[in-house]
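>>> Predicted model, plus sequence, below.
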Amino acid sequence: MTEIVRLFCGFDQREAAGWHVFAQSVIEKSSIPVAIVPISMDAQRDGTNAFTYSRFLIPYLCDFQGWALWADGSDMLANADIAELWAYRQGWYAVQVAKHDYKTKHRAKYVGTEMEAPNADYPRKNWSSVILWDCGHYMNRVLTPEFVQDRDGSFLHRFGWLPDDRIGELPKEWNWLPGEHGANPKAKLFHFTEGLPSIHAYRNTPHAQAWRLYESRAQQSPEERIAEMSSAR
C-alpha cells in the first residue's frame with residue numbers, strides 16, 4: 001500500500017490566497033498521495049502569524065508516530081515532486097532541515113501591507129520553515145502543548161531541545177529564498193519569505209512569474225480547467 005505523505009502547512013487568513021497557491025503547486029506536481037493539513041491554532045502570542053508555534057506540535061498531533069512534513073506554505077511554491085523531499089527521511093535524525101546561513105538583504109518584510117514588520121537576522125534563520133519530522137523519534141516526545149507553550153520562539157525555532165547531531169540537513173533547494181539568494185531554476189521549493197509576489201513591493205522577485213501562474217490556476221473555474229486540460233492533449 002502506498003504511503004500517504006502527511007504535509008502540514010501554516011494557514012493565516014491574511015495569507016489565504018498564498019496557501020491555496022502552494023497547495024495547488026504541491027498537488028499538481030506530486031506523484032504520490034499527499035494529505036495537506038492546514039494548521040492555524042495560535043493566538044499570535046508575540047505578534048507573529050497564526051501558525052508560528054503550532055509547527056512544533058506536529059509530533060504530538062501525529063501521536064508521536066510515523067513521519068510528517070511541515071512547510072510554512074502560505075509564502076511558498078512547490079517546483080518539484082514532494083516525493084523527492086519525502087525520500088530524504090533518515091531515522092537517526094529527529095528533524096531534517098535546510099541549514100541556511102545568511103544575512104538578510106531586506107530589513108523589513110511584507111512592505112506596504114498591514115503585516116509589515118522588521119526582518120531581523122538571528123541564528124538558524126528560516127531553518128524551521130521546512131521540517132521533515134520523525135514524529136516517533138524519542139527526542140521529539142518532549143513536544144507536548146505545555147512544553148511548547150512554555151518555550152520562547154528562539155528556543156523552538158533553533159530546535160533547542162535537540163543536540164546538533166540529531167538535526168539532519170536537507171538540500172537548500174528544498175527551501176530556496178529567491179529574494180535573498182536570487183534566481184535558481186533548479187530549486188525544488190521557492191520560499192518568498194520577504195513577501196508574496198502578489199504584493200507590489202515584491203512583484204519582481206525572482207520566480208514571481210511562476211507564483212502568479214499557479215495563482216491563476218488556483219482561481220480557475222472547473223470549466224476553465226477542463227478546457228485547458230483538453231487543449232493540452
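Now that the structure is in, tell me what you want to look at.

>>> which residues touch the closest residue to His157 other than its chain neighbours?
The shortest distance from His157 to any non-neighbouring residue, by Cβ to Cβ, 6 or more residues apart in numbering, is to Ser128 (4.6 Å). C-beta: built from backbone N, CA, C; applies to glycine. Ser128 makes contacts with Arg55, Trp70, Val97, Leu156, His157, Phe159, as judged by Cβ atoms under 8 Å, 6 or more residues apart in numbering.

>>> Specify which member of these is nearest to Phe8.
Trp70 (5.1 Å; Cβ to Cβ).

>>> on that earlier part again, top of the contacts of Ser128 by number of neighbours, please.
In terms of neighbours by other Cβ atoms under 10 Å, the contacts of Ser128 top out with Trp70 at 25 neighbours.

>>> ok, now how distant is that one from His106?
23 Å (Cβ to Cβ, to the nearest Å).

>>> cool, Pro178 as well?
Separation of Pro178 from His106 (Cβ to Cβ): 12 Å.

>>> for this protein, what spans make up the strands?
Using DSSP state E, the strands of the chain run over residues 5-10, 34-39, 67-71, 76-78, 95-97, 108-109, 117-118, 130-134, 167-169, 189-191.

>>> Neighbouring strands - and their directions - for the third one?
Think strand 67-71. strand 5-10 (parallel), strand 130-134 (antiparallel) (DSSP bridges).

>>> Have a look at Pro178 and His106 and say which one is more surrounded.
Shown here are Pro178 and His106; by other Cβ under 10 Å, Pro178 has more neighbours (23 against 16).

>>> so what's the residue nearest to that one when sequence neighbours are not counted up against?
Spatially, and ignoring its direct neighbours in sequence, Pro178 is nearest to Pro206 (4.0 Å; Cβ to Cβ, 6+ apart). Residues near Pro206 by Cβ under 8 Å, 6+ apart: Pro178, Gly179, Gly182, Ala183, Asn184.

>>> what does Ile39 give?
So Ile39 contacts Phe8, Cys9, Gly10, Phe11, Phe51, Ser54, Arg55 (Cβ under 8 Å, 6+ apart).

>>> can you check Arg212 too?
Arg212 makes contacts with Pro197, Ser198, as judged by Cβ under 8 Å, 6+ apart.

>>> re the thing from before, turn the strands paired with strand 67-71 into a markdown table, including distance to Asp75, mean neighbour count and mean pLDDT.
Shown next, in a markdown table, are the strands paired with strand 67-71 (distance: least, Cβ to Cβ, whole Å; neighbours: other Cβ atoms under 10 Å; pLDDT from 0 to 100):
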| stretch | distance to Asp75 | mean neighbour count | mean pLDDT |
| --- | --- | --- | --- |
| strand 5-10 | 9 | 22 | 95 |
| strand 130-134 | 12 | 24 | 98 |
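
>>> hang on, the earlier thing: now, which of the contacts of Ser128 sits nearest Ala83?
Trp70 (16.7 Å).

>>> got a list of what the residue nearest to that closest one when sequence neighbours are not counted touches?
Once flanking residues are discounted, Trp70 sits nearest to Ile131: 4.2 Å by Cβ to Cβ, 6+ apart. Residues counted as contacts of Ile131 (Cβ under 8 Å, 6+ apart) are Arg55, Ile58, Leu69, Trp70, Val95, Gln96, Val97.

>>> wait, which of those residues is closest to Ser30?
Using Cβ to Cβ, Leu69 comes nearest to Ser30 of those, at 11.5 Å.

>>> Many thanks, I have nothing further to ask.
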